[in-house]
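In: no sequence for this one, just the structure:
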């Protein structure tokens with residue numbers, strides 16, 4: 001029975017690793033429909049990065065589900081609903097804090113499970129502070145959760161954090 005469940009889970013869910021942001025490569029040949037979903041989700045990640053780079057809420061509205069149920073967890077807070085995400089992440093944080101932004105996702109892994117999916121990736125973020133032009137470079141990791149609604153994938157949750165601490169006694 002356990003072997004059957006494992007085989008069933010493997011047939012339904014799969015992971016795809018990508019070294020580049022927009023062109024996932026496959027370690028195994030998934031079913032055609034699932035491969036199309038992985039490609040669509042790769043394009044959403046690329047649009048997400050561009051929406052951050054441009055602090056563009058119009059582009060963000062093309063990839064996020066416009067609902068009070070979506071959420072975004074980040075080191076400065078926890079946003080609930082697309083309106084809060086637009087205001088606090090895109091307008092205040094990205095647009096208000098930085099004059100230039102460049103988010104580069106890498107080592108992307110996409111998992112599809114029917115009408116639900118998630119992606120895990122690392123990212124590099126380079127920006128300039130609006131107030132003084134000082135540069136900042138940060139690195140982190142992110143998980144995004146998606147739902148396919150009426151044939152279209154949408155982001156429903158993002159959780160990102162900086163890289164783990166490696167010093168003794170840190171990271172608890």
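Out: Cool, the structure landed. Since the model is a prediction, treat every value here as computed from it, not as a measurement.

In: got the buried residues for the helix or strand harbouring residue 143?
Out: In the assignment (DSSP states H and E), residue 143 maps to strand 135-149. Burial within strand 135-149, assessed by neighbour count using 16 or more other CB atoms under 10 Å, is assigned to 140, 142, 144-148. Any C-beta I mention is one placed from the backbone N, CA and C, and that applies to glycine too.

In: nearest residue to the middle of this protein?
Out: With distances taken as CA atoms, centre = their mean, the residue of the chain nearest its centroid is residue 144 (4.1 Å).

In: okay, strands next: where are they in the protein?
Out: When secondary structure is read from DSSP state E, the chain shows strands at 14-18, 71-74, 77-80, 98-113, 116-129, 135-149, 152-162.

In: mind checking how far the fourth one is from the chain centre?
Out: Spelled out, that is strand 98-113. Relative to its chain's centre, strand 98-113 lies at 6 Å (CA atoms, centre = their mean, to the nearest Å).

In: what does the third one give?
Out: Averaging C-alpha coordinates over strand 77-80 and over its chain gives two centres that are 15 Å apart (CA atoms, centre = their mean).

In: what are the buried residues along that strand?
Out: Along strand 77-80, these residues count as buried under the neighbour rule (16+ other CB under 10 Å): residue 79.

In: quick one: residues in contact with that strand.
Out: With CB atoms under 8 Å, 6 or more residues apart in numbering as the test, strand 77-80 has contacts from 68, 70-73, 85, 88-89.

In: out of those residues, which end up buried?
Out: For these, burial is judged from neighbour counts taken by 16+ other CB under 10 Å, and it is met by 70-72, 85, 88-89.

In: endpoints of stretch 63-78, how far apart?
Out: Between the opening and closing residues of stretch 63-78 there is a gap of 19 Å (CA to CA, to the nearest Å).

In: scratch that, stretch 126-140
Out: One end of stretch 126-140 sits 12 Å from the other (CA to CA).

In: check what contacts stretch 156-167 and list those residues.
Out: 65, 67, 69-75, 123, 138-147, 171.

In: er, stretch 56-63 I mean
Out: By CB under 8 Å, 6+ apart, the residues outside stretch 56-63 that reach it are 44, 47-48, 50-51, 82, 85-86, 90-91, 154-155.
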